[in-house]
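Trainee: Mind looking at a prediction? Sequence and model below.
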Amino acid sequence: MSIHPTAIIDPQAKVHPSCKIGPYCVIGSNVELGEDCHLISHVAIEGPTKIGTDNGFFPFTSIGMAPQDLTYAGEPTRLEIGDHNEIREFVTINRGTVKGGGLTRVGSHVLVMAYTHIAHDCSIGDHVILANAATLGGHVTVEDWAQVGALCPVHHFIRIGTHSFVGGGTTITKDVLPFSKTVAARDTHAYGINAVGLERRGFSKERVRKIHHAYKLLLASKLNTTQALEKLKAEPDRGEDVDRLIQFIETSERGVIK
């Protein structure tokens with residue numbers, strides 16, 4: 001077993017000899033680590049927690065801690081994690097509660113990206129992806145192969161159906177249909193130039209005026225984007241800032257927000 005001298009492992013913990021425990025990790029009692037698990041550094045795991053084979057834990061993850069539930073009174077509830085999972089930086093996964101069945105479960109082949117929170121009594125299936133800062137309330141079920149985008153808060157007792165995709169920044173308050181693409185409305189617009197920021201960065205009034213003129217054509221005229229670009233390119237003294245704006249739009253692969 002590879003254990004860094006700064007790591008602290010409770011004598012009651014069961015850690016497989018093939019595991020690698022990095023600097024400043026803390027493993028409490030009633031924790032079971034299966035084969036080939038790798039704790040890079042600063043990983044804290046409390047029990048009762050059972051972790052399967054070939055799981056990677058990145059720095060500052062907090063695994064198996066007490067649930068964030070006011071009714072929790074120190075009962076020995078559990079967390080179970082399957083095999084071949086990757087748990088990235090600052091992820092928090094809490095144990096279950098008695099009223100919720102006493103178990104939080106994460107399946108196998110799951111990618112949990114940085115800052116994600118998996119609350120008490122959640123059930124995460126296999127081959128799931130939880131992107132950065134996905135936040136699951138208590139009792140959430142995420143079925144196999146589902147993907148939850150970055151910065152998505154998921155209300156407690158929600159089900160996210162198999163093979164579904166939830167777009168980033170979407171607040172989920174009802175069940176997500178299996179096989180669906182679900183995303184919040186993207187009513188996003190450009191509202192003119194960042195004039196204050198440009199002035200603070202030393203842009204002259206003339207440079208700001210030319211940029212403002214270009215944006216007026218792009219956003220406030222009756223011209224479509226192609227027509228506005230053609231008119232801008234026909235102006236002889238448009239300046240390098242407008243040239244950069246034109247080049248940015250013409251090389252966009254996904255289109256631009258207007």
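Mentor: Arrived safely. Everything quoted here is computed from the prediction, not taken from an experiment.
Trainee: Phi, psi for the closest residue to Gly167 other than its chain neighbours please.
Mentor: What sits nearest to Gly167 in space, not counting adjacent residues and going by Cβ to Cβ, 6 or more residues apart in numbering, is Val183, at 3.1 Å. The C-beta positions use only the backbone N, C-alpha and C, and glycine is treated the same way. The phi/psi pair for Val183 (degrees, to the nearest 10) reads phi -150, psi 150.
Trainee: Ala150: neighbouring residues, count only.
Mentor: 18 (other Cβ atoms under 10 Å).
Trainee: before we move on, what about Thr97?
Mentor: Using other Cβ under 10 Å as the criterion, Thr97 is surrounded by 24 other residues.
Trainee: which ones are touching it?
Mentor: Pro67, Asp69, Thr71, Tyr72, Glu75, Thr77, His120, Asp121, Gly138 (Cβ atoms under 8 Å, 6 or more residues apart in numbering).
Trainee: Please, a ChimeraX command that selects the buried ones among those residues?
Mentor: Of the contacts of Thr97, the buried ones go into a single ChimeraX selection, burial set by 16 or more other Cβ atoms under 10 Å:
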select :67,69,72,77,120,121,138
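Trainee: Let me have the contacts of Thr97 in TSV, adding pLDDT and secondary structure as columns.
Mentor: Formatted as TSV, these follow (pLDDT from 0 to 100; DSSP: H, G, I helix; E, B strand; the rest coil):
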residue	pLDDT	secondary structure
Pro67	97	coil
Asp69	95	coil
Thr71	92	coil
Tyr72	94	coil
Glu75	93	coil
Thr77	97	coil
His120	98	coil
Asp121	98	coil
Gly138	96	coil
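Trainee: how about the contacts of Thr97 in CSV, adding distance to Thr104?
Mentor: Output for the contacts of Thr97, formatted as CSV (distance: Cβ to Cβ, whole Å):
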residue, distance to Thr104
Pro67, 8
Asp69, 11
Thr71, 15
Tyr72, 12
Glu75, 13
Thr77, 8
His120, 6
Asp121, 6
Gly138, 9
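Trainee: Quick check: the farthest pair among the contacts of Thr97?
Mentor: Glu75 and Gly138 (15.0 Å; Cβ to Cβ).
Trainee: Thank you kindly, that will do.
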